[in-house]
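Asks: Need coordinates for the following:
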Amino acid sequence: MKYKSVDKIWRMVLASLSLYMSFGCTEEVSFETSSLESALVIEAVITNEVKNHEIMLSRTYAFELDGPQPETNARVFIESNDGTIEFTESSSGRYRATRPFSAQENINYQLVVLTSNGDRYSSSPVAMTKTTPIGRLYAERVVGELNEDGVTIFVDSFDPEGESQFYRFEYEEAYKVIAPKWRAEDLVVTNPNWPACAVALIPKSEEQRVCFAKDTSTAIIIGNTMALSEDRLVRFPVRRIRDDNYIMSHRYSILVRQYIQTREAHTYFETLKEFSGEGSLFSQSQPGFFEGNIFSESNANEKVLGFFEASFVSEERLFFNYEDFFSGEELPDYVASCFEFTPVRDQGHPTDRCGSLIGGLLNEEIMYWDVNPKPESTQQGPFIVVPRICGDCRVLGSNEIPEFWTE
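Replies: This next block holds a predicted model:
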């Protein structure tokens, strides 16, 4: 789960009207959002991957106040029967393990956080979850319940021993962007002062036509097999993309990560998901609070948002093109309206200043498209231009090809 989504959900919690704890018992703790100055938010998951794992700490504030604020200058470490793993602050609120490691089976791990003001927080001991990899990742063209066309990315997963049961998914998507109004020349300002207001056409110095944009999931995507006869996820939808979404226009890739969770972790994320939805748990009248598995040792009444996991994770990547599912059909509309216009180069006497063409170029708002062969009036300039996003793909992504990319 991503850092921004935690704070968003937490602020919704503080502004909500109700919630009940879901760990085998019900406990209601009333409070007003204005009375809660801040609460510690801890994002912590370690996996079977050998890497320098990271833990995020922040202070989130009541809904009507600003936030979140990174929790800095803390000491963070994980204790286990295999030793202690220290973390150092690599950036504000982000703590990175001092050495690569991976979570191992049959070892209990406990997270400990000591804040700069002397408060101590610790988690319940957790153990590595079942080793169950993704079985299959695939995409299909599917017409939705509201008759909307699109592509759905599915996951199949199976644990023949029936011990996994609880699954959480994240994804990272990447897609090719082609600027529809690209030209090989740039229009640049050579003299921004009136009366010169001079511009020149020069060859582009770097790639601006084809780029690669990236995005990550922020929603909580979870599933379970408790009500099924076997521990098998079939056609579990991880991502839905409508047919009019431009990100599929050329080539699209998605990397899906599957986390095996404990029942307690699943219940925690399920509660968060309910809060992030509309009209879910907001109809009750009694305010409440829910907890994870991290608690304050300094103040038993202090509320902490967060869950510490040791989770087995596997990942798979998928590529496809728009034509794979919509052969012969028109591409989706570009993300922006690429209208053409002809801003004036100078305002002329008596303003004694350059016009919107010079300003738009200096502010990197517009791109050259063509020469205006017949300016119809003083309200038209000598060049046809378009919004920069239409001629420079770098507005949406990077012109460097990702290492994992294949055509």
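Asks: Return the residues in contact with the residue nearest to residue 234 when sequence neighbours are not counted.
Replies: Closest residue in space to residue 234, ignoring its immediate chain neighbours: residue 156 at 5.6 Å, by Cβ to Cβ, 6 or more residues apart in numbering. From N, CA and C alone the C-beta is placed, and that goes for glycine too. Contacts for residue 156 (Cβ atoms under 8 Å, 6 or more residues apart in numbering) come out as 134, 135, 136, 138, 232, 233, 234, 235, 236.
Asks: so which pair among those is furthest apart in space?
Replies: 138 and 232 (15.5 Å; Cβ to Cβ).
Asks: okay, which residue is most central for the chain?
Replies: Centroid check for the chain by Cα atoms, centre = their mean gives residue 216 as the closest residue, at 3.6 Å.
Asks: For beta bridges, what are the partners of it?
Replies: Note on residue 216: beta-bridge partners by DSSP bridges are residue 172.
Asks: how close does it get to residue 254?
Replies: 11 Å (Cβ to Cβ, to the nearest Å).
Asks: residues shared between the contacts of the two?
Replies: Joint contacts of residue 216 and residue 254 (Cβ under 8 Å, 6+ apart) are 171, 172, 173.
Asks: if we can go back for a sec, residue 138 and residue 232: who's more crowded?
Replies: Neighbour count, other Cβ atoms under 10 Å: between residue 138 and residue 232, residue 232 has more, with 16 against 13.
Asks: what's the pLDDT at the residue lying closest to that one once chain neighbours are set aside?
Replies: Nearest non-adjacent residue to residue 232, counting by Cβ to Cβ, 6+ apart: residue 158, 4.5 Å away. For residue 158, the model assigns a pLDDT of 96.
Asks: Please determine how far residue 158 is located from residue 236.
Replies: From residue 158 to residue 236 the distance is 11 Å (Cβ to Cβ).
Asks: Please apply the same query to residue 138.
Replies: From residue 138 to residue 236 the distance is 11 Å (Cβ to Cβ).
Asks: What of residue 372?
Replies: In terms of Cβ to Cβ, residue 372 sits 54 Å off from residue 236.
Asks: Which residue ranges of the stretch 51-200 of the chain form strands?
Replies: All strands of the stretch 51-200 of the chain, identified by DSSP state E, counting those that start in this stretch, fall at 54-60, 69-70, 75-80, 83-91, 94-97, 108-114, 120-123, 126-127, 136-141, 150-158, 166-178, 185-191, 198-203.
Asks: and for residue 138 and residue 236, which residues touch both?
Replies: Joint contacts of residue 138 and residue 236 (Cβ under 8 Å, 6+ apart) are 154, 156.
Asks: So, low pLDDT: which residues of the chain?
Replies: For the chain, applying pLDDT under 70 flags the ranges 1-37, 61-68, 276-290, 348-350.
Asks: change it to 80
Replies: 1-38, 60-68, 275-291, 347-352, 375-378 (pLDDT under 80).
Asks: In contact with the spatially closest residue to residue 191 that is not a sequence neighbour, which residues?
Replies: What sits nearest to residue 191 in space, not counting adjacent residues and going by Cβ to Cβ, 6+ apart, is residue 198, at 3.8 Å. Residue 198 makes contacts with 189, 190, 191, as judged by Cβ under 8 Å, 6+ apart.
Asks: Tell me how many other residues surround the first one.
Replies: Residues near residue 189, counting by other Cβ under 10 Å, number 19.
Asks: How about residue 200: which residues does it bridge to?
Replies: With DSSP bridges as the rule, residue 200 is bridged to residue 188.
Asks: Check whether it really touches residue 188, as I assumed.
Replies: Yes: with contact defined as Cβ atoms under 8 Å, residue 200 and residue 188 form a contacting pair (5.9 Å).
Asks: List of residues touching stretch 333-350?
Replies: Contacts for stretch 333-350 (Cβ under 8 Å, 6+ apart): 180-181, 194-195, 197, 199, 244, 246, 249, 353-358, 360, 366, 369-370, 372, 375, 378-387, 389-390, 396.
Asks: Same check on stretch 228-243?
Replies: Stretch 228-243 is touched from outside by 135, 144, 148-165, 167, 169, 171, 173, 217, 221, 223, 225, 247-248, 252, 254, 256, 326, 332, with contacts defined as Cβ under 8 Å, 6+ apart.
Asks: just stretch 81-101 next, same as before
Replies: 46, 50-58, 69-74, 76-78, 104, 107-108.
Asks: Name only those of the residues you listed that count as buried.
Replies: The neighbour-count test (16 or more other Cβ atoms under 10 Å) marks 46, 53-58, 70-72, 74, 76-78 as buried among these.
Asks: want to throw those residues into JSON lines with distance to residue 341?
Replies: Formatted as JSON lines, those follow (distance: Cβ to Cβ, whole Å):
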{"residue": "46", "distance to residue 341": "54"}
{"residue": "53", "distance to residue 341": "51"}
{"residue": "54", "distance to residue 341": "46"}
{"residue": "55", "distance to residue 341": "50"}
{"residue": "56", "distance to residue 341": "45"}
{"residue": "57", "distance to residue 341": "49"}
{"residue": "58", "distance to residue 341": "44"}
{"residue": "70", "distance to residue 341": "43"}
{"residue": "71", "distance to residue 341": "49"}
{"residue": "72", "distance to residue 341": "48"}
{"residue": "74", "distance to residue 341": "53"}
{"residue": "76", "distance to residue 341": "54"}
{"residue": "77", "distance to residue 341": "59"}
{"residue": "78", "distance to residue 341": "58"}
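Asks: Can you report how many residues lie near residue 89?
Replies: Residue 89 - counted by other Cβ under 10 Å - has 17 other residues nearby.
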